[in-house]
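Peer 1: okay, predicted coordinates and the sequence, questions at the end:
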Amino acid sequence: MEQNLKAYGLHMGPARCALDLSDGSERGLYVNQDYILNKLGRPHRAINLMYCYYPLDKGWPQRVSEAFADQEVSFAWDYPYDDYFTYKGGLNGNLQDEPFTFMRDVRRHGQDVILTLTIDPNVSDEHLIAIAKDLRTFGRMQIRINHEATGDWFSFTKRASYQEIADFYVRFHKIIKEYAPNVDTILCIGGIEDESETKITMEDEFKEAVKATDIWSVDKYMALHWGWPYDVAEPGGTSHKLYTVESIYNLTKLSYKRFKELNGGVRKPMVMSEFNADGDVTGPYNQAKMVKDFCDMLKADEEDWFTGFTFYQFRDDGRLGLEITDPNNSEVGIEQPELGVYKEILHDDYFKPAMEEKEEVTFPVTLRWGGAEDATGLCIPLHFDSNPVFAEVNFDEELIDLNLMMELNGRWFYKAPGVETIDMMSAFFEKPLDDACDLALNIVAPPATGENREDGGDDWMENSYTVIKKVPDVRLRFVPTEVTEEVSQL
């Protein structure tokens, strides 16, 4: 069936509640975005990458568990510095190494970057300025500086007082604003940790950081086995804990309210930068149920207070992932029950980006990528006689170099530069059409390199632009190319 295709403008805006995903940490390796997209069916608002920066230390820039492999430890954070993969940028750094290779992968696939970075609070401004300059080309990203800062496990908490850590946060925030204004800062601290309390943890020390930061955050696990991998969580053990879903929800909301009070009644975005229930404690079935119950509470809450959460994490060596790592092959993930539950949440309208159709366009058209919460694209109406047998989008020589994210029937697809054809039939495997209908093919264009280009424009750090010369060819067929008599009678 050939269609005379028209195209309309499209604006992609924020969801009522954003969903972000941690991908890789001390507990697991980074998984490429093509795999995650095909597993879950749509991109996230942002992908969280977790790194550390201790350039003054012996052993740097090796990962600390490799640099001190012969050191006996009984807790994940007993090494001289934090056991994250090491940030290879900074002063005299290499932008062709981690995490920049992964940051480009994330942004090419229509997602923003959240960089979680633990940093030695004794580094000079020269180091911090270098890090800020590293981030200028990565669009509207976020940086979570020295997270869980009111705890006592990370190395930075052993090198400075809590007041010094809070002052360091404000200092680095100001440097970010001067040298990389495209980047928002996330303050992740303890918040309200008991419903009887009226103040956040270490409020006096961190009140100025609460006021300075762009985003407020708490990390909340409904169950956690912090003794992993050095012991096993068993009844009566002291290295794990279980909470109720309601208590975690209430503590997070109380934290937001107190942050807002400290900020003179002015609200800021409130997120949970790490969220899950640990299957080491709950088992796989209750783990999935607790995640669903939390999201159901969020949707039922009539107050507008919560911006989003980061699910920790996609693939985990323990039981804190949508997949767990196959012990025989770290490149293989074993799907957990919560992956199916989370996928339903991800495709719930409450958590999906807002898509607004605009007026008809004429080609060539310039699309703008400001980020996963602010992009202009194309909306191409398509008519379906029935459930398709073939559905593909083809790109000729005028379009083949485009880098695109495309959505049809709720399923998202990535088109890399150089790819000629995207088969979109998987949009109908889980959601087949019952009858004839009209659907929109939505297209946005993240930067092909994963970075914004410094082109002299005033907005280059926030926006990337792509020119599309015409509508791509869409091939829809509703019967097989050939069919045997026996099959035709089924």
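Peer 2: Right, received. Where do you want to start?
Peer 1: helices along this structure, start to end?
Peer 2: 33-40, 64-67, 100-108, 125-134, 162-179, 203-212, 245-262, 279-300, 337-346, 485-488 (DSSP state H).
Peer 1: quick one: which of those is nearest residue 192?
Peer 2: Proximity to residue 192 (C-beta to C-beta) singles out helix 245-262 among the helices of the chain, at 4.1 Å. For glycine as for every other residue, the C-beta is placed from the backbone atoms N, C-alpha and C.
Peer 1: and for the closest one, what's in contact with it?
Peer 2: 191-195, 198-200, 203, 207, 210-211, 216, 218, 220-222, 266-268, 270, 272, 290, 293-294, 297-298, 303, 305-306 (C-beta atoms under 8 Å, 6 or more residues apart in numbering).
Peer 1: measure the closest residue to residue 117 other than its chain neighbours to residue 119 for me?
Peer 2: Excluding its sequence neighbours, the residue lying closest to residue 117 (C-beta to C-beta, 6 or more residues apart in numbering) is residue 51, at 5.5 Å. Residue 51 sits 10 Å away from residue 119, taking C-beta to C-beta, to the nearest Å as the criterion.
Peer 1: also residue 167?
Peer 2: Between residue 167 and residue 119 the distance is 13 Å, computed by C-beta to C-beta.
Peer 1: those two: who's more crowded?
Peer 2: residue 119 (25 against 17; other C-beta atoms under 10 Å).
Peer 1: now do the same end-to-end measure for stretch 433-451.
Peer 2: 38 Å (C-alpha to C-alpha, to the nearest Å).
Peer 1: isn't the residue nearest to residue 117 right next to residue 98, touching?
Peer 2: Yes. Counting by C-beta atoms under 8 Å, residue 51 does reach residue 98; the two are 7.2 Å apart.
Peer 1: who touches both of these two?
Peer 2: 85-87.
Peer 1: show me where the stretch 351-490 of the chain dips below the pLDDT cut-off.
Peer 2: 486-490 (pLDDT under 70).
Peer 1: worst mean pLDDT among the helices of the chain?
Peer 2: In terms of average pLDDT, helix 485-488 trails the rest of the helices of the chain, at a mean of 65.
Peer 1: contacting residues for residue 371?
Peer 2: Counting by C-beta under 8 Å, 6+ apart, residue 371 has contacts 112, 139-140, 462.
Peer 1: just to revisit the earlier point, and residue 51 and residue 98? Which one has more around it.
Peer 2: A direct count of neighbours by other C-beta under 10 Å for residue 51 and residue 98 places residue 51 higher, at 21 against 18.
Peer 1: okay, how far is it across stretch 428-440, tip to tip?
Peer 2: For stretch 428-440, the end-to-end distance is 14 Å (C-alpha to C-alpha).
Peer 1: also stretch 116-129?
Peer 2: 17 Å.
Peer 1: now do the buried residues in it.
Peer 2: For stretch 116-129, a neighbour-count test (16 or more other C-beta atoms under 10 Å) marks 116-121, 123, 127-129 as buried.
Peer 1: please apply the same query to stretch 291-299.
Peer 2: 291, 293-295, 298.
Peer 1: what is the burial count for residue 469?
Peer 2: Residue 469, neighbours per other C-beta under 10 Å, totals 11.
Peer 1: I misspoke; the intended subject was residue 41.
Peer 2: Neighbour number of residue 41 under other C-beta under 10 Å is 19.
Peer 1: same deal with residue 241?
Peer 2: Other residues close to residue 241 by other C-beta under 10 Å number 15.
Peer 1: surely it meets residue 278?
Peer 2: No. Judged on C-beta under 8 Å, residue 241 makes no contact with residue 278 at a distance of 9.1 Å.
Peer 1: joint contacts of these two?
Peer 2: 223-224.
Peer 1: and the residue in the chain sticking out farthest from the centre, how far from residue 387?
Peer 2: Distance from the centre of the chain peaks at residue 485, with 49.4 Å (C-alpha atoms, centre = their mean). According to C-beta to C-beta, residue 485 and residue 387 sit 22 Å apart.
Peer 1: now residue 345
Peer 2: The separation that residue 345 has from residue 387, given C-beta to C-beta, amounts to 26 Å.
Peer 1: quick one, which of these two is more surrounded?
Peer 2: Comparing residue 345 with residue 387 by neighbour count (other C-beta under 10 Å), the higher total belongs to residue 345, at 20 against 16.
Peer 1: for that one, which non-adjacent residue is spatially closest?
Peer 2: Leaving out its chain neighbours, the residue that sits closest to residue 345 by C-beta to C-beta, 6+ apart is residue 295, at 5.2 Å.
Peer 1: what about the residue nearest to residue 198 when sequence neighbours are not counted, how many neighbours?
Peer 2: Spatial nearest neighbour of residue 198, excluding adjacent residues (C-beta to C-beta, 6+ apart): residue 258 at 7.4 Å. Look at residue 258: counted by other C-beta under 10 Å, it has 19 neighbours.
Peer 1: can you check the one 3 residues further on too?
Peer 2: As a burial measure, the neighbour count of residue 261 was computed by other C-beta under 10 Å and equals 14.
Peer 1: many thanks, I have nothing further to ask.
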